[in-house]
Structures are given as structure tokens and as C-alpha cells.
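1. build me a model from this:
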Amino acid sequence: MCAVDDPEIFVFDADGRLRVAAMSGGVHCHVPDRTLIGRLNVPEAVADISWGGAKLNRLFIAAETSPRPVVMSATGAHPSGPGRRPRAGPAA
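-> Purely as a prediction, here's the structure:
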């Protein structure tokens with residue numbers, strides 16, 4: 001998908017866009033057809049990324065020497081998948 005330092009860490013947002021930790025290339029954002037639509041420049045190598053926060057709108061970036069939380073306009077995908085909501089459990 002991307003030729004920047006062989007990225008291995010990625011997360012999806014609620015709209016199905018892919019965020020990739022591109023190591024020295026920051027964090028890249030791709031739409032489902034693989035088109036690069038954005039980039040977050042990070043002054044250090046990026047080792048990991050993860051969605052978090054009460055609204056899942058914080059992208060936590062684990063950089064070389066420090067964590068870098070970024071408030072985003074996008075929200076992270078629910079663990080059950082992009083655009084999906086967990087099923088209701090059986091009635092008690």
C-alpha cells in the first residue's frame with residue numbers, strides 16, 4: 001500500500017479510512033481505494049498508533065521519545081469493525 005519504511009501498524013477510523021504509522025514518514029491516511037489523502041507530520045519516528053479517549057477521537061501516537069496524543073475530527077472504528085455497532089446481548 002505504501003512505500004514508506006515498510007509500515008506495519010495501522011488502525012481504521014469510523015468511516016473506513018486507514019491510518020498507517022509510517023515510521024519516519026509520520027502517520028498517513030488512506031481511503032479504501034488506497035489513495036493517500038492526508039499525512040500527519042511527526043518530528044520523531046512513529047512506532048505505534050491507537051484510537052482512544054471517551055469519544056474515540058484521540059489518535060495516540062507512540063513516537064521515538066514521547067507519546068503524542070492528537071485530537072482528531074475523525075473517530076476511531078469500534079472494535080467490532082468500521083461503521084458497526086456491537087450486538088445487543090441476550091435479554092436478562
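2. output the lowest-mean-pLDDT helix or strand in the chain as PDB, nothing but the C-alphas.
-> Here the helix or strand of the chain ranked lowest by mean pLDDT, DSSP states H and E is strand 9-12, holding a mean of 88. Only the C-alpha atoms of strand 9-12 are listed here, as PDB (Å, rounded to 0.1, in the frame of the first residue of the first chain):
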ATOM      1  CA  ILE A   9       1.000  -0.600  12.400                       C
ATOM      2  CA  PHE A  10      -2.400   0.600  11.200                       C
ATOM      3  CA  VAL A  11      -5.900   1.500  12.500                       C
ATOM      4  CA  PHE A  12      -9.200   2.300  10.800                       C
END
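3. what's next to that strand, contact-wise?
-> 18-21, 46-51, 59, 76-77, 81-82 (CB atoms under 8 Å, 6 or more residues apart in numbering). C-beta here means a position set from N, CA and C on the backbone, and glycine is covered the same way.
4. of these, buried ones?
-> Buried members of the contacts of strand 9-12, scored by 16 or more other CB atoms under 10 Å, are 18-21, 46, 49, 51, 59, 76-77.
5. number of residues surrounding residue 53?
-> Per other CB atoms under 10 Å, the neighbour tally for residue 53 reads 14.
6. how much space separates the closest residue to residue 18 other than its chain neighbours from residue 57?
-> Nearest residue to residue 18, sequence neighbours excluded (CB to CB, 6 or more residues apart in numbering): residue 30, at 4.5 Å. Look at residue 30 and residue 57: by CB to CB, to the nearest Å, they are 19 Å apart.
7. thank you, goodbye.
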